[in-house]
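A.B. asks: have a look at this fold, sequence not included:
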């Protein structure tokens, strides 16, 4: 016999299951065929027909199980099946449509009943462990499910396309309790499953192998959830209910999914791939968890063995675990793209979250904010940890290349050990916001502790015990510079302390030691900025109250050095004792504490940067004079061949050594000059007028290492007159443009660079007379006056040193004599050889440079020089003339100079 039903409340369907325990012995056959009692369930989304078979003996018992639950309107027909109005047995078997009516309906199995097929599904476990399966029939007729109170109203509702393997069911509420199970289902928008437990000893409801996404939700309130897949838009909420801890086991949270462990809930083995897990709060008074044995976190929401991964390389795709407000996370492992946040949800909360036994691997991050606590943390690879104001960390290990950043006001308790190439950054704070560390060990030469100045000068960090053999580096945040103080109650081991001394006016970082032991090293980086105040050349670094620690000035490599660059002057490390203990300080040679019966030390040596700037200040003048000297070498011997026009070129090469005060360098100059001139013949002589351009490269090799370069571009005009009686006058006006590239090496090997430009204008006037003697010999006395002006320039180089190069003036005179001899080689070649000697004098002695706005240095190259040269000139024919000259100069401030010129002139 067969019944035709309309179900208005349908508790056993894909998205709404209210299951009552009964005994069922059912077999499966029918339209889809091959089904058995142990067949895995499928996801369904609607009801429109059912095929029921049973024996005549059990037929009359069915209404007693479902009184007033079957309403069959007589006026409708569905899918060609007859529809009846009676709520009674139908005397023949068949397939019946479900439509119309209202009421609460529960499908119940009965002895001898066979459910062949139906279009609503999921499997439900009955109290005896048996189960039956309802199999979806894909038809065009579906149902819409609307939530009404705590029941589900099911109404026929036209057509709706399928959603993956399931049909869409809106606002369904599924209740799983007392040992029932919801499994292998997909919950989407509007679908909510509630997995509960009662207050008794009954087994809790179970959710297993379900998928929740696109607005679907699973709420586990005292029940159990296993292997839930939480996809984009899906939510799983796990909390206590009726005195039982709700649990989620081995869930997967994908990008866009959320698992929330709240109100005493618990998760175990959750794997996050770009999704989020929130662990927060404790069980409320109404949900006090029975038999909770963990007193320290009684009733707390918990997450065990969570693994966190990202799902891409952007911040939006990071996997996250957030632990708030008394909740605790155990044994979390954070991998590439994953992060853990431990804090309070608001400032009003009394306590934040706690993480215990956390490991962070390459690409992972851990953040511990105000109220949050992290106990037993290990960082691997290039993992990162941020501990913010009010955060607490106990027992931290930093391995490999991992980093921990600790903001002011944070606390590091227990043992903190830095290994391999790991580093920890401690930001200084003020008063109660001072960063505090209990026991810090730098285990290895490559380990780093950054003492970070921030906020204001004088903020401090307290370390109760510091030991090991790594490096402590004072530094400051980007908005600095700031200097800070590091207080150490007990110092052990053999550490390097790198001080930040780039703060002028006597400020700098400071180390205070209560009880010190061991041999340590002080590393001060070379700096172009002054490290002392204007009235002193002394700077204190360390106070050791116990006088037990020893310090040596070294490079970062550990190599012992005598001094470091500190602006203009060099500084060495000294110590003195007073009532506060032993003070270690930097001082220049002449500012060291005087020793009894010892002579006063010599003046302080300047730094290589100082010497390089002073040297480069005088190079443009030297280059200018060398170019002029090579210009006159050819022009004073112009060929009087009655040709009106000429093109000419010089190649010049010179080497010069300067040794004066703080200017010690070698100048190597190479260049080319191209020119043209025109001859006008006058009644009394010849008049030449011409112009030229040149390019030179000057290499400046500093005695204290480093080679600077100057690119020189010039242009000029000249005019020369040769009287028929032997007199001549030669004048030049010249403009130079210099591109200076300073490159020096600091005392301890750091490169110091700076680029700047200068311009110059100058000229010369030379008068002379040539008279001839016997045997084709001539004598030519001459006098020359040269003037030059080079613009001033403000310069800042890479180590922070600043220089104000004043405008440079030069006035130089020369008096000399040349003697030459003419002779012929063959029929067409005429040669002339000559020697020249002169005395030169530079008159200007007050050019100067101011460095770091306080130190004035005079760049004085005044004085006398002697010059000796030899030359050769030849005429290959009436058009081509060649010549060469070599000059040697030496003076009181020029150790030596050697210059040569090769020229070629074509007349037409």
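C.D. replies: On my side now, so go ahead. Bear in mind that the values here come from a model prediction, so they are computed numbers and not experimental data. Numbers count the residues shown, from 1 in each chain.

A.B. asks: tell me if residue 632 really is in a helix.
C.D. replies: Yes: looking at residue 632 with DSSP: H, G, I helix; E, B strand; the rest coil, it is inside a helix.

A.B. asks: contact partners for it?
C.D. replies: 730, 732, 764, 766, 784 (Cβ atoms under 8 Å, 6 or more residues apart in numbering). C-betas here are computed from N, CA, C, even on glycine.

A.B. asks: partners of the second one in the sheet?
C.D. replies: Counting by DSSP bridges, residue 732 forms beta bridges with residue 718, residue 764.

A.B. asks: still on that earlier bit, of the contacts of residue 632, which pair is most distant in space?
C.D. replies: 732 and 784 (10.1 Å; Cβ to Cβ).

A.B. asks: which neighbours do those two share?
C.D. replies: 632, 764.

A.B. asks: please list all residues in contact with residue 476.
C.D. replies: Taking Cβ under 8 Å, 6+ apart, one finds 452, 453, 454, 482, 483, 484, 500 in contact with residue 476.

A.B. asks: let me see the contact set for the second one.
C.D. replies: For residue 453, the contacting residues are 428, 459, 474-477, 480-484, 500, 509, taking Cβ under 8 Å, 6+ apart as the criterion.

A.B. asks: beta-bridge partners for it, please?
C.D. replies: residue 476.

A.B. asks: could you flag which of the contacts of residue 453 are buried?
C.D. replies: 428, 459, 474, 475, 476, 480, 481, 482, 483, 484, 500, 509 (16 or more other Cβ atoms under 10 Å).

A.B. asks: just the ones of these in strands?
C.D. replies: Applying DSSP state E to the buried ones among the contacts of residue 453, the entries found in strands are 474, 475, 476.

A.B. asks: SS state for residue 617?
C.D. replies: helix.

A.B. asks: that one reaches residue 804, doesn't it?
C.D. replies: No: in this structure residue 617 lies outside contact range of residue 804 using Cβ atoms under 8 Å: 10.3 Å.

A.B. asks: and the two? Which one has more around it.
C.D. replies: residue 617 (25 against 15; other Cβ atoms under 10 Å).

A.B. asks: what residue ranges in this structure score low on pLDDT?
C.D. replies: 1-173, 283-297, 480, 501-506, 533-535, 590-604, 633-642, 827 (pLDDT under 70).

A.B. asks: domains for it, by residue range?
C.D. replies: 1-169, 177-315, 613-907 (automatic domain parsing).

A.B. asks: coming back round to it: just give me the closest of the ones in strands among the buried ones among the contacts of residue 453 to residue 543.
C.D. replies: Nearest to residue 543 among those: residue 474, at 15.0 Å, using Cβ to Cβ.

A.B. asks: for residue 659, see how far away the closest one is.
C.D. replies: Using Cβ to Cβ, to the nearest Å, residue 474 is found at 39 Å from residue 659.

A.B. asks: for residue 357, give me its contacts.
C.D. replies: 330, 331, 332, 375, 376.

A.B. asks: wait, is the last one part of a strand?
C.D. replies: Think residue 376. Yes: assessed by three-state DSSP, residue 376 belongs to a strand.

A.B. asks: what strand or helix carries the residue nearest to residue 583 when sequence neighbours are not counted?
C.D. replies: The shortest distance from residue 583 to any non-neighbouring residue, by Cβ to Cβ, 6 or more residues apart in numbering, is to residue 576 (5.3 Å). Element membership for residue 576 (DSSP states H and E) is strand 569-578.

A.B. asks: what does that strand contact?
C.D. replies: 522, 524, 531, 537, 539, 541, 547, 551-553, 562-565, 582-589, 592-593, 604-607, 610, 747.

A.B. asks: what's the angle from the helix or strand following that strand to strand 569-578?
C.D. replies: Sequence-wise, the next helix or strand beyond strand 569-578 is strand 581-587, with elements assigned using DSSP H and E. If you take axes from the mean of the first three to the mean of the last three Cα atoms, to 10 degrees, strand 581-587 sits at 170 degrees to strand 569-578.

A.B. asks: pull out the buried positions in strand 581-587.
C.D. replies: Buried residues in strand 581-587, counted by 16+ other Cβ under 10 Å: 581, 582, 584, 585, 586, 587.

A.B. asks: quick one: the first one from residue 474, how far?
C.D. replies: Translated: residue 581. Where residue 474 is concerned, residue 581 sits at a distance of 20 Å (Cβ to Cβ).

A.B. asks: equivalent analysis for the second one, please.
C.D. replies: Computed as Cβ to Cβ, the residue 582 to residue 474 distance reads 20 Å.

A.B. asks: still on that earlier bit, among the contacts of strand 569-578, which ones are in strands?
C.D. replies: Using DSSP E, these in strands are 522, 524, 539, 541, 551-553, 564-565, 582-587.

A.B. asks: neighbours of residue 652, how many?
C.D. replies: So residue 652, with other Cβ under 10 Å, has 23 neighbours.

A.B. asks: can you check residue 415 too?
C.D. replies: 14.

A.B. asks: that's a strand at it, yeah?
C.D. replies: Yes: inclusion of residue 415 in a strand is indicated when three-state DSSP is applied.

A.B. asks: pairing-wise in the sheet, spell out the partners of it.
C.D. replies: Counting by DSSP bridges, residue 415 is bridged to residue 439.

A.B. asks: that one against residue 441, yeah?
C.D. replies: Yes: with contacts counted by Cβ under 8 Å, residue 415 reaches residue 441, the gap being 7.1 Å.
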